[in-house]
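Novice: got a predicted structure plus its sequence, pasted below:
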Amino acid sequence: EDKVVQSPLSLVVHEGDTVTLNCSYEVTNFRSLLWYKQEKKAPTFLFMLTSSGIEKKSGRLSSILDKKELFSILNITATQTGDSAVYLCAVLNNNAGNMLTFGGGTRLMVKP
Amino acid sequence: KAGVTQTPRYLIKTRGQQVTLSCSPISGHRSVSWYQQTPGQGLQFLFEYFSETQRNKGNFPGRFSGRQFSNSRSEMNVSTLELGDSALYLCASSRQYRNTEAFFGQGTRLTVV
């Protein structure tokens, strides 16, 4: 059974801080790893990572995948209160179409 | 470009009833997946439909079922509702069957009383 573990469970920082969120996985036939941001209801797509060592970047957010050590990190620099959300990591298995296996999420709170 | 549309947004049902939820994917997307989100279990996969066929199924009882129409719109049905079915039901839309990003709708909040 595929498994995704995220750490930390929750995090409180102040505006301007840099945070690193962790995601480790066990997948029988790995295809991709995805990051989502969930504020109220709909998880919002952030990144999809398929290749090891290639950083994906979008504004203040960046992410990288290590397929040898089976983990990914999501970095947020110069955090803002609008970054407060639950960040979800999920994996795709080559044998299972678009079925996402999610981790439990990291709840980030950014204080002014 | 319209996103994933789920209806209704909120629903209150009593135990034993059945419910049908609807999802319209992003235009051009052919895969629709359903997830249940609860505080205790997190986001769990229910099933995926592609080209009107169920392609994958999660570990849920047979009371949970779904279908997909020729225009890619999908419905999921839960029969004989239980209190534990109270959850946020999310639909995700993907362009193809493999290796594409999934985009989520706003969800349907189901409360069973």
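Specialist: It's in.
Novice: which bits of chain B sit near chain A?
Specialist: Residues of chain B found near chain A (Cβ under 8 Å from any Cβ of the partner chain) are B:4, B:31, B:33, B:35, B:42-45, B:48, B:50, B:55-56, B:58, B:88, B:90, B:92, B:94, B:97-107, B:109. C-beta here means a position set from N, CA and C on the backbone, and glycine is covered the same way.
Novice: the residue lying closest to A:Gly104 once chain neighbours are set aside: how many residues sit nearby?
Specialist: Spatial nearest neighbour of A:Gly104, chain neighbours left out: B:Gly42 (5.2 Å); criterion: Cβ to Cβ, 6 or more residues apart in numbering or on different chains. Per other Cβ atoms under 10 Å in any protein chain shown, the neighbour tally for B:Gly42 reads 17.
Novice: how about B:Leu110?
Specialist: Residues lying near B:Leu110 (other Cβ under 10 Å) number 20.
Novice: which residues touch residue 105?
Specialist: As the question left the chain open, I've gone with chain A. By Cβ atoms under 8 Å, 6 or more residues apart in numbering or on different chains, the contact set of A:Gly105 is A:Gln6, A:Gln38, A:Val86, A:Tyr87, A:Leu88, A:Cys89, B:Gly42.
Novice: sorry, should have said chain B
Specialist: Contact partners of B:Gly105, counting by Cβ under 8 Å, 6+ apart, are A:Ala42, B:Gly3, B:Val4, B:Thr5, B:Gln6, B:Cys23, B:Leu90, B:Cys91, B:Ala92, B:Ser93.
Novice: beta partners for A:Leu61?
Specialist: Bridge pairing for A:Leu61 (DSSP bridges) gives the partners A:Ser58, A:Ile76.
Novice: quick check: it vs chain B, distance?
Specialist: Distance check for A:Leu61 against chain B: by Cβ to the nearest Cβ, to the nearest Å, it reads 15 Å.
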